[in-house]
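**Student:** Got a predicted model here, sequence first, then my questions.
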Amino acid sequence: MTETAYRLESDPSLTPSPVLPALIWAEGIDPPAPTEGTPEALAELLARVRSAGEAFVPQEMRRRVRGTLRHGVYKPSGRGKPASEFLLRAALSDAFPRVNRPVDVNNLVSLESGLPGSIFDAALSGRRLLIRRGAPGESYVFNPSGQSIDLQDLLLVCRFTDGAWEPCGNPVKDSMETKIRPETRDVVAVLYAPADEPVESVERWAGRYAELLVRHCGAERVGRHVGFDGSPRP
């Protein structure tokens, strides 16, 4: 399987794009078992966050990330805040989630960088993804209890299935349809950086993400790409 099999496209309506995304993928990971204890890298990061307080993620970064979501009727506040802000609050309240190794890597990089991220089972999401805004009436279930999120005007990652683009993730909450399972062996992830973030910074965080997928998830092959791969094909 070649790296070109993984694509992140931008819908023509998303012009100019509010994000500079990074696509990260890994193949041949270890079976994702529930996390027991706190991985060493996460424990070290949580200690740094608690020492610095909310200033660990500068307020200006939080403002810029929120700006990537603010559009139309969607307001990035309350329960609609970027996932990276929820993770910062969880770290400071000693309630940081431990889920499984791939999700833990996503949460670690999101907390450390201040950038929200999504991670999917590549067998469920496919290797071709698209970013667009949510349409009126769109929603999906995001947790096992069946709670749903209204997606209108929210920045979305979509998978191509049954001849159409279907939402499966966003910078706030991802869909249950493509989440990591015990059977997951290949993953694909997206980091959402503000469009004006330096490319070198986004590349560094994408590299950090890929490195952790090897170190903590046993990935046999990893890759990454910053930016879009061009206009979507039919």
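**Tutor:** Now that the structure is in, tell me what you want to look at.
**Student:** Per-residue confidence, R233, what does it come out as?
**Tutor:** At R233, the model reports a pLDDT of 47.
**Student:** same thing with A5?
**Tutor:** A5 is given a pLDDT of 88.
**Student:** The chain should start at 225 in everything you say after this.
**Tutor:** With the count now opening at 225, the last piece we talked about shows up as A229.
**Student:** A257 contacts R405, correct?
**Tutor:** No. Using Cβ atoms under 8 Å, A257 makes no contact with R405, being 11.3 Å away. Just so you know, the C-beta spots here come from the backbone N, C-alpha and C atoms, and that holds for glycine as well.
**Student:** between the two, which one's more packed in?
**Tutor:** Neighbours per residue, other Cβ atoms under 10 Å: of A257 and R405, the larger number sits with R405, 13 against 9.
**Student:** ok, now which ones touch the more buried one?
**Tutor:** By Cβ atoms under 8 Å, 6 or more residues apart in numbering, the contact list for R405 reads 256, 345, 348.
**Student:** Let's see which of those end up in strands.
**Tutor:** Under the assignment DSSP state E, the contacts of R405 contribute D345 to strands.
**Student:** quick check: mean pLDDT across the lengthiest helix in the chain?
**Tutor:** Longest helix in the chain, counting residues (DSSP state H): helix 423-441. Average pLDDT, helix 423-441: 98.
**Student:** Next, the angle helix 423-441 makes with the helix or strand that comes right after it.
**Tutor:** Note on helix 423-441: by DSSP states H and E, the next helix or strand toward the C-terminus is strand 445-450. Put simply, strand 445-450 runs at 160 degrees to helix 423-441, going by axes from the mean of the first three to the mean of the last three Cα atoms, to 10 degrees.
**Student:** The residue of the chain positioned farthest from its centre is in what secondary structure piece?
**Tutor:** Computed with Cα atoms, centre = their mean, the residue of the chain farthest from its C-alpha average is S275, at 25.4 Å. Following DSSP H and E, one finds S275 within helix 264-276.
**Student:** How far off centre is that helix?
**Tutor:** 20 Å (Cα atoms, centre = their mean, to the nearest Å).
**Student:** Let me see the residues that make contact with that helix.
**Tutor:** 262, 280, 312, 315-316, 320, 322, 328, 332, 335-336, 436, 439-440.
**Student:** Would you map the helices across this protein?
**Tutor:** 264-276, 283-293, 307-316, 325-337, 346-349, 423-441.
**Student:** can you tell me which residues contact S337?
**Tutor:** Counted by Cβ under 8 Å, 6+ apart, S337 has contacts 308, 415, 429, 432.
**Student:** Tell me the predicted confidence for E407.
**Tutor:** Per-residue confidence (pLDDT) for E407: 98.
**Student:** Could you count how many residues lie near it?
**Tutor:** E407 has 10 nearby residues by other Cβ under 10 Å.
**Student:** try D410
**Tutor:** So D410, with other Cβ under 10 Å, has 21 neighbours.
**Student:** Repeat that for the one 10 residues further on.
**Tutor:** Close neighbours of D420, defined as other Cβ under 10 Å, add up to 10.
**Student:** Could I get the buried residue list for the longest helix of the chain?
**Tutor:** For helix 423-441, a neighbour-count test (16 or more other Cβ atoms under 10 Å) marks 426, 429-430, 432-434, 436-437, 440-441 as buried.
**Student:** One more: stretch 370-377?
**Tutor:** Applying 16+ other Cβ under 10 Å to stretch 370-377 flags 373, 375, 377 as buried.
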